[in-house]
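Enquirer: no sequence for this one, just the structure:
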């Protein structure tokens with residue numbers, strides 16, 4: 001029975017999560033499998049790869065063929081390299097001890113590379129977060145400044161409007177007070193004329209009185 005090491009899809013829509021399984025090559029991709037040997041989560045950064053190295057190596061030793069994606073994951077974990085070293089031991093190219101030393105050196109280098117990548121990602125994330133906070137603060141400061149400017153402008157308009165109303169009221173007040181005074185002046189001047197008229201008419205009557213008496217004496 002030909003066996004393949006391949007991925008089996010799980011997870012939600014838009015967020016896939018995979019199992020690495022050993023399955024009959026004639027079965028469906030997401031169908032029945034012989035053994036689950038690991039998981040792969042591409043939703044994290046870096047992607048999370050967890051594989052049982054011994055079980056995966058055991059299937060490779062038995063002749064199981066990985067798919068292209070499964071081979072990439074196995075290489076990432078060093079399983080394909082270890083399988084290659086075991087082949088060299090079987091051929092007599094080097095001893096098992098030498099193979100173990102070679103694998104340890106490779107594993108240390110790989111671990112260091114992964115650590116550098118994770119630190120770089122952490123730094124990038126920290127820088128992105130700091131920049132995002134800075135942009136948010138700048139936007140908040142701008143909103144506050146715009147609000148203060150709008151409030152100051154509204155206050156200035158209110159003060160100017162009030163000053164204009166007071167000036168207009170001050171211009172109208174004297175005209176309203178002077179009107180009655182102008183009307184009273186002629187009345188005050190007419191009073192003596194009215195009083196003088198009878199005196200002028202009485203003067204001739206007084207003068208005529210002696211004449212009448214003289215005429216009586218005569």
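Expert: That came through, no problem. This structure is a prediction, so every number in the text was calculated from the model and none was measured.
Enquirer: now residue 10: closest residue in space, sequence neighbours ignored.
Expert: Leaving aside its chain neighbours, residue 10 sits nearest to residue 17 (4.8 Å; criterion: C-beta to C-beta, 6 or more residues apart in numbering). Just so you know, the C-beta spots here come from the backbone N, C-alpha and C atoms, and that holds for glycine as well.
Enquirer: in which helix or strand would I find the one you found?
Expert: strand 15-24 (DSSP states H and E).
Enquirer: about what we covered before: contacting residues around the residue nearest to residue 10?
Expert: Residues in contact with residue 17 (C-beta atoms under 8 Å, 6 or more residues apart in numbering) are 9, 10, 11, 39, 40, 41, 43.
Enquirer: which residues of this structure fall in helices?
Expert: Using DSSP state H, the helices of the chain run over 53-61, 68-76, 79-91, 96-217.
Enquirer: hey, least reliable of those helices by pLDDT?
Expert: When mean pLDDT is averaged over each of the helices of the chain, helix 96-217 scores lowest at a mean of 70.
Enquirer: per-domain residue ranges of this structure.
Expert: 1-69, 78-164 (automatic domain parsing).
Enquirer: which one of those domains is the most hemmed in?
Expert: Ranked by mean neighbour count under mean count of other C-beta atoms under 10 Å, the domains of the chain are led by domain 1-69, which reaches a mean of 15.
Enquirer: in the protein, which residue is most central in space?
Expert: Nearest to the mean C-alpha position of the chain, by C-alpha atoms, centre = their mean, lies residue 136 at 6.1 Å.
Enquirer: any idea how far residue 142 is from that residue?
Expert: Counting by C-beta to C-beta, to the nearest Å, the gap between residue 136 and residue 142 amounts to 11 Å.
Enquirer: check residue 51 too.
Expert: Residue 51 sits 51 Å away from residue 142 when distances are taken as C-beta to C-beta.
Enquirer: check residue 170 too.
Expert: For residue 170 relative to residue 142 (C-beta to C-beta), the value is 42 Å.
Enquirer: and the closest residue to residue 118 other than its chain neighbours, backbone torsions?
Expert: Nearest non-adjacent residue to residue 118, counting by C-beta to C-beta, 6+ apart: residue 46, 6.7 Å away. Dihedral angles phi and psi of residue 46 (degrees, to the nearest 10) take the values phi -70, psi 160.
Enquirer: need the pLDDT of residue 46.
Expert: In the predicted model, residue 46 carries a pLDDT score of 80.
Enquirer: what pLDDT is listed against the residue nearest to residue 10?
Expert: The per-residue confidence score, pLDDT, reads 92 for residue 17.
Enquirer: re earlier: turn the contacts of residue 17 into CSV, including distance to residue 96 and pLDDT.
Expert: Putting these into CSV (distance: C-beta to C-beta, whole Å; pLDDT from 0 to 100) gives the following:
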residue, distance to residue 96, pLDDT
9, 38, 91
10, 37, 90
11, 40, 86
39, 30, 94
40, 30, 94
41, 34, 93
43, 39, 90
